[in-house]
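1. okay, here's the prediction I keep looking at, along with the sequence it came from:
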Amino acid sequence: MSDELTLPQGSSQQAQTVEKTGQSVAKVIDGVREFSPPTHEDERGSLCELYSDSWGFDDIPMVHAYAVTVRPNQVKGWACHQTQVDRYFFFSGAVKLVLYDARPESPTYKLVTEKTYSDINRALVSVPPGVFHAVECVGPQEGLLFNIPSHTYNYEKPDKIICPIDTPDIPYTFKNSTGH
Ligand SMILES: Cc1cn([C@H]2C[C@H](O)[C@@H](COP(=O)(O)OP(=O)(O)O[C@H]3O[C@H](C)C(=O)[C@H](O)[C@H]3O)O2)c(=O)[nH]c1=O
């Protein structure tokens, strides 16, 4: 194409987002892991594993599991744990996971990341303690995810620090959603 192209104001070269393999080039918060198992489908329906020791994903035993839903234009967050590792399985509905690294000793301290998962992009994602997380439903259907955390729930004193979604201390704005 000619070098003399007249670019409208505001034009810019799009940056690389993925490798040839499809792997994202975006920075990942230290200790965050992701695994995308296949969904097997036939004429009767489908099957998708949520967790298996055979994946070698981590060596944290399965001790507790629960389902979470998020309604359209709602956010659940910010939340962070002192000792618990969360293992979220994003199953259905379009759900954005936003993370903020609040660990001063981390090589990715203060990094904010965001990624959207859905029925066509299912994944198990582990979030270490000290990383604030929020899940936002960005689709028209209620989002469904599962959590298989490292610890059982402490009913008397939950291991959960919460923070308003509009805190000025996390450089991220939820534009189309409300919640807590
Ligand atoms: C986690 C848990 C909670 N509860 C009770 C306590 C509350 O009365 C109620 C809702 O709990 P919470 O406010 O923690 O749930 P959400 O705001 O939906 O948040 C949950 O989903 C988002 C995405 C997170 O990241 C949180 O870590 C996770 O807790 O369920 C239980 O009875 N057992 C449990 O294991």
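-> Here it is on my side, so go on. Numbers count the residues shown, from 1 in each chain.
2. skipping adjacent residues, who's closest to the closest residue to the ligand within the chain in space?
-> Per C-beta to the nearest ligand atom, residue 153 is where the chain lies closest to the ligand, at 3.4 Å. C-beta here means a position set from N, CA and C on the backbone, and glycine is covered the same way. Across the structure, with C-beta to C-beta, 6 or more residues apart in numbering as the measure, the residue nearest residue 153 apart from its sequence neighbours is residue 64 (6.1 Å).
3. helix/strand/coil for the one you found?
-> In three-state terms, and counting by DSSP: H, G, I helix; E, B strand; the rest coil, residue 64 is coil.
4. give me every residue that touches it.
-> Remark: with contacts taken as C-beta atoms under 8 Å, 6 or more residues apart in numbering, residue 64 is in contact with 148-149, 151-153.
5. got the phi and psi for it?
-> Phi and psi for residue 64, reported as degrees, to the nearest 10, are phi -160, psi 140.
6. what does the lowest-mean-pLDDT helix or strand in the chain contact?
-> Each helix and strand of the chain was given a mean pLDDT (mean pLDDT, DSSP states H and E); the minimum falls on strand 178-179 at a mean of 95. Residues from elsewhere that reach strand 178-179 (C-beta under 8 Å, 6+ apart): 70, 73-77, 136, 165.
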